[in-house]
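# Show me the folded form of this:
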Amino acid sequence: MQLEINVVDAFTDTVFKGNSAAVIITDSWLDATLMQSIAFENNLSETAFIVADDKGIYHIRWFSPLTEIDFCGHATLASAFVLFKKNPTVNCIRFSAKAVGILTIVQTDTGKIQMDFPNRMPEKVDDIPDSLLAGLSIAPVEVYRNAQAYFVVYDSESDVLTVERDNEQLKNLAPLDVVVTCQAKSVDYKNYDFLSRYFWPANGGDEDPVTGSIHTGLAPLWAEKLGKNNLRAYQASKRGGVLDCVVKSDRVLISGNAVQYLTGFITIEE
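Residues are numbered from 1 along each chain as shown. The predicted structure follows:
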């Protein structure tokens, strides 16, 4: 069996930046064990598998090297990028995923891809877990939580950029991950409203380069703090990524660029 594979760098317009995702389109679902093995072999943050139904909806599943993921933003962006390239007259795609329902994706006039996601605003946590405090070298100013992660708010960009972590401690927070964030204040980040970094040792690896899904919580959090609904975010990993966010009452629109890195084939003996 041969499977076409596309690897796309998401939330960037420059190859080797942003976050890489593999995209595999099939006529019917592969066995879940095989999909997990392919994701493990790819060793990217996520591999997305897509199956279209007869109504034109693309059903999507996401796998990290370790496990199936409920919701992944950058691999959704990468998947839409591949589908738009294959169907150049189409400018709107609908994905369906169990955890987040129907996702409408459009290609804008600027060339960016805009994704319509659920608003997953986090709630403030007063009783901070010991493993979270022990797992980060810098104490939080505030901590929030949603279904995906703990949100650690810092006062300064240097805290976000230099914080060290103990992955063994953070694994104790499973199934939740950890995002650290702050308002962008310095001249170095004058084009952004907030910064973040995302750590997910329990579910995928060490540090995720750019995480679209977590911005469905980060964007409404900073919208409330800053009093504005249109925000530009920078995820300050080594690769880095840029996300444009629009916060609505129950939705968050997240937009970004993508660039092709690889097209090839996987050969699997049946």
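# Helices of this protein, start to end?
Chain-ordered helices for the chain, with DSSP state H as the definition, fall at 32-42, 73-86, 130-135, 157-162, 167-171, 215-226.
# closest one to Ala52 among these?
Ala52 lies closest to helix 73-86 among these, at 9.1 Å (Cβ to Cβ). C-beta here means a position set from N, CA and C on the backbone, and glycine is covered the same way.
# Looking at the helices of the chain, which one is packed in the most?
Among these, judged by mean count of other Cβ atoms under 10 Å, the one packed with the most neighbours on average is helix 73-86 (a mean of 26).
# returning to what we had before: looking at the helices of the chain, which is closest to Val179?
Across the helices of the chain, closest to Val179 is helix 215-226 (Cβ to Cβ), at 6.7 Å.
# Helix 73-86 and that closest one, what's the angle between them?
110 degrees (axes from the mean of the first three to the mean of the last three Cα atoms, to 10 degrees).
# Need the helices of the chain in a markdown table (columns: mean pLDDT).
As requested, the helices of the chain are arranged in a markdown table below (pLDDT from 0 to 100):
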| stretch | mean pLDDT |
| --- | --- |
| helix 32-42 | 97 |
| helix 73-86 | 97 |
| helix 130-135 | 98 |
| helix 157-162 | 98 |
| helix 167-171 | 95 |
| helix 215-226 | 98 |
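# I'd like a version of these in JSON lines, one that adds distance to Phe63 as further columns.
Formatted as JSON lines, the helices of the chain follow (distance: least, Cβ to Cβ, whole Å):
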{"stretch": "helix 32-42", "distance to Phe63": "4"}
{"stretch": "helix 73-86", "distance to Phe63": "9"}
{"stretch": "helix 130-135", "distance to Phe63": "25"}
{"stretch": "helix 157-162", "distance to Phe63": "28"}
{"stretch": "helix 167-171", "distance to Phe63": "19"}
{"stretch": "helix 215-226", "distance to Phe63": "20"}
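# Can you give me the end-to-end span of stretch 81-95?
End-to-end distance for stretch 81-95: 13 Å, by Cα to Cα, to the nearest Å.
# quick one: which of the helices of the chain is nearest Gly264?
Ranking the helices of the chain by proximity to Gly264 (Cβ to Cβ) places helix 32-42 first, at 11.2 Å.
# and the closest one, what does it pack onto?
Under the contact criterion of 3 or more Cβ pairs under 8 Å, 6 or more residues apart in numbering; DSSP states H and E, the helices and strands touching helix 32-42 comprise strand 2-10, strand 19-25, strand 46-52, strand 58-63, strand 68-69.
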